[in-house]
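Undergrad: with the input below, show me the fold.
(one chain, ligands or ions: 1)
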Amino acid sequence: METAEIRRRWLAFFESKGHAIVPSSSLVYDDPNLLFVNAGMVPFKPYFLGQETPPWRRATSVQKCVRTGDIEEVGKTSRHGTFFQMNGNFSFGDYFKAEAIAFAWELLTTSQAEGGYGLDKERLWATVYEDDDEAAGLWLTHSEVPIERIVRRGMADNFWSMGVPGPCGPCSEIFYDRGPDYGQEGGPAVDEDRYKEIWNLVFMQNIRGEGSGKDDYPIVGDLPAKSVDTGLGLERLAAVLQGVDNLYEIDEVYPVLVKAAALTGKTYGAKSAHDAAHSDPDDVRLRVVADHVRSSLMLIGDGVTPGNEGRGYVLRRMLRRAVRSMRLLGFDEPCLQHLLPVSMERMKASYPQLETGFSRISQIAYAEEEAFRRTLAAGTTMLDTAVARARSAGQSMLGGDEAFALHDTFGFPIDLTLEMAQEQGIEVDQDGFRRLMKEQRDRAK
Ligand code: SER
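TA: Here you go, the predicted structure:
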């Protein structure tokens with residue numbers, strides 16, 4: 001089933017259950033805690049907190065999201081993508097746990113011929129928060145998941161918040177068992193690669209305070225009304241329904257990967273047909289290209305332009321990582337003109353404005369690539385010389401002064417220097433780099 005169809009069925013299903021269809025917000029959303037929208041509930045936060053009255057008690061959306069906290073993991077696992085879409089259904093003081101569970105079960109297991117996703121019931125698992133007997137009981141009465149496949153987990157896994165003070169609550173996650181080829185038996189607590197999380201049902205009822213990590217913060221109050229926030233990973237479900245290993249291989253992403261492979265003369269998956277460790281460096285690079293090209297397209301589409309800080313820097317970093325990955329795969333010419341249109345063609349079914357705005361979007365991307373190519377050409381020689389010098393001096397670390405010079409002369413951001421040095425097996429003295437940066441700033445004052 002194509003991703004656009006999964007999306008269409010989602011919205012149609014929840015509309016039939018009395019939910020208003022709310023269009024995705026822009027990725028750039030005015031929330032001081034966030035660079036980008038990173039969950040479907042973000043635009044609805046004031047409704048959960050009771051700060052604003054929602055125009056509807058039930059809503060559904062497919063929200064564009066970007067998460068870049070794990071950008072280094074992209075391509076190395078089956079799970080990490082920077083841009084993704086989160087399908088959500090929301091209740092603002094309307095239904096609660098029972099309906100959320102019943103809706104999820106119905107949509108996932110209704111046959112495809114009857115408009116559902118037709119997942120095999122035997123492969124579905126549910127987790128609940130450790131003391132949430134109510135949710136566990138509701139899974140038994142409102143679904144066919146047997147008690148052996150209902151797993152209780154602690155706060156780090158089954159209590160959801162935005163990572164900052166705000167609405168939160170216990171959650172119940174739905175996992176799909178991909179089978180013994182993907183890992184050992186035992187359920188999601190044992191192997192989250194084999195048992196893939198596809199949908200998170202959050203039973204919003206509390207307000208959290210300051211704190212760090214996923215489980216180290218106080219609960220400081222209750223929400224004015226018990227509510228529901230769910231998030232299904234559209235790309236994850238697409239991978240399941242399309243019978244592919246990971247999100248880089250679904251219909252909205254894979255054509256870019258195929259194009260990158262054709263341009264570079266590489267064969268994706270050549271080293272092993274099913275690389276469970278996702279470790280072949282060329283495959284990782286191809287996945288990085290596919291992921292970052294799409295994310296850049298979506299970010300520029302929502303008005304972000306490359307820059308040296310904040311959102312602009314995230315975009316710059318992704319464009320540069322894509323271009324560099326292509327170079328490392330052996331393609332030295334400008335590449336975005338070949339890749340970005342492929343991505344746009346795949347995404348326009350759900351986001352037609354990408355096609356109408358493509359001339360603006362592509363000009364921004366291509367200009368950034370040009371600028372970066374000039375930077376790289378100059379800086380790479382300097383970096384290689386510095387690495388060779390460090391090696392011949394028997395050092396396993398590049399001095400902070402060298403990293404600083406790369407930054408000062410060629411505009412190499414420190415993470416580019418780190419990545420490029422790491423590829424040659426060399427560390428970088430980051431403390432030294434920061435000290436020199438600070439000295440420069442102090443001098444400028
Ligand atoms: N907010 C929850 C999440 O991001 C469910 O939508 O997982």
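
Undergrad: so which residue of the stretch 201-350 of the chain comes closest to the ligand?
TA: Nearest to the ligand in the stretch 201-350 of the chain, going by Cβ to the nearest ligand atom, is residue 231, at a distance of 2.4 Å. To be clear about C-beta, it is placed using only N, CA and C from the backbone, and glycine gets the same treatment.

Undergrad: bridged to residue 60, which residues?
TA: Note on residue 60: beta-bridge partners by DSSP bridges are residue 21, residue 89.

Undergrad: per-residue pLDDT, it?
TA: With respect to pLDDT, residue 60 scores 98.

Undergrad: thought residue 11 was touching it, still the case?
TA: Yes: the criterion here is Cβ atoms under 8 Å, and residue 60 meets it with residue 11 at 6.0 Å.

Undergrad: who touches both of the two?
TA: Here residue 60 and residue 11 have residue 21 as joint contacts, going by Cβ atoms under 8 Å, 6 or more residues apart in numbering.

Undergrad: more neighbours: these two, which one.
TA: Between residue 60 and residue 11, counted using other Cβ atoms under 10 Å, residue 60 has the larger neighbour count: 23 against 17.

Undergrad: measure residue 397 to residue 421 for me?
TA: Plainly put, residue 397 is 9 Å away from residue 421 if you go by Cβ to Cβ, to the nearest Å.

Undergrad: okay, those two: which has more neighbours?
TA: residue 421 (21 against 14).

Undergrad: and stretch 235-249, end to end?
TA: Start-to-end span of stretch 235-249 (Cα to Cα, to the nearest Å) is 10 Å.

Undergrad: the ligand contacts on this protein?
TA: 39-41, 88, 160, 200, 202, 229-231 (Cβ under 6 Å from any ligand atom).

Undergrad: now for the helix or strand of the chain with the lowest mean pLDDT, which elements pack on it?
TA: When the helices and strands of the chain are compared on mean pLDDT, DSSP states H and E, helix 414-423 comes out lowest with a mean of 87. Applying 3 or more Cβ pairs under 8 Å, 6 or more residues apart in numbering; DSSP states H and E, one finds that helix 414-423 makes contact with helix 310-328, helix 358-392, helix 400-410, strand 427-428, helix 430-444.

Undergrad: so which of these is the most packed in?
TA: Sort those by mean neighbour count, taking mean count of other Cβ atoms under 10 Å, and helix 310-328 sits at the top with a mean of 21.

Undergrad: ok, then the element right after it?
TA: Helices and strands here follow DSSP states H and E; after helix 310-328, the next one along the chain is helix 336-347.

Undergrad: I'd like the next helix or strand past that next one.
TA: Counting by DSSP H and E, the element after helix 336-347 in chain order, helix or strand, is helix 353-356.

Undergrad: check which residues of that next one are buried.
TA: Residues residue 354 are the ones in helix 353-356 that count as buried (16 or more other Cβ atoms under 10 Å).

Undergrad: name the residues that touch it?
TA: With contacts defined as Cβ under 8 Å, 6+ apart, helix 353-356 is touched by 297-298, 301, 344, 347-348, 361.

Undergrad: off-centre distance for that helix?
TA: 22 Å (Cα atoms, centre = their mean, to the nearest Å).

Undergrad: which of the residues of the chain next to the ligand fall within strands?
TA: The strands, defined by DSSP state E, take in 88, 160, 200, 202, 229-231 from those.

Undergrad: adding pLDDT and neighbour count, write these out as JSON lines.
TA: Converted to JSON lines, those look like this (pLDDT from 0 to 100; neighbours: other Cβ atoms under 10 Å):
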{"residue": "88", "pLDDT": "98", "neighbour count": "26"}
{"residue": "160", "pLDDT": "97", "neighbour count": "26"}
{"residue": "200", "pLDDT": "98", "neighbour count": "22"}
{"residue": "202", "pLDDT": "98", "neighbour count": "27"}
{"residue": "229", "pLDDT": "98", "neighbour count": "28"}
{"residue": "230", "pLDDT": "98", "neighbour count": "25"}
{"residue": "231", "pLDDT": "98", "neighbour count": "23"}
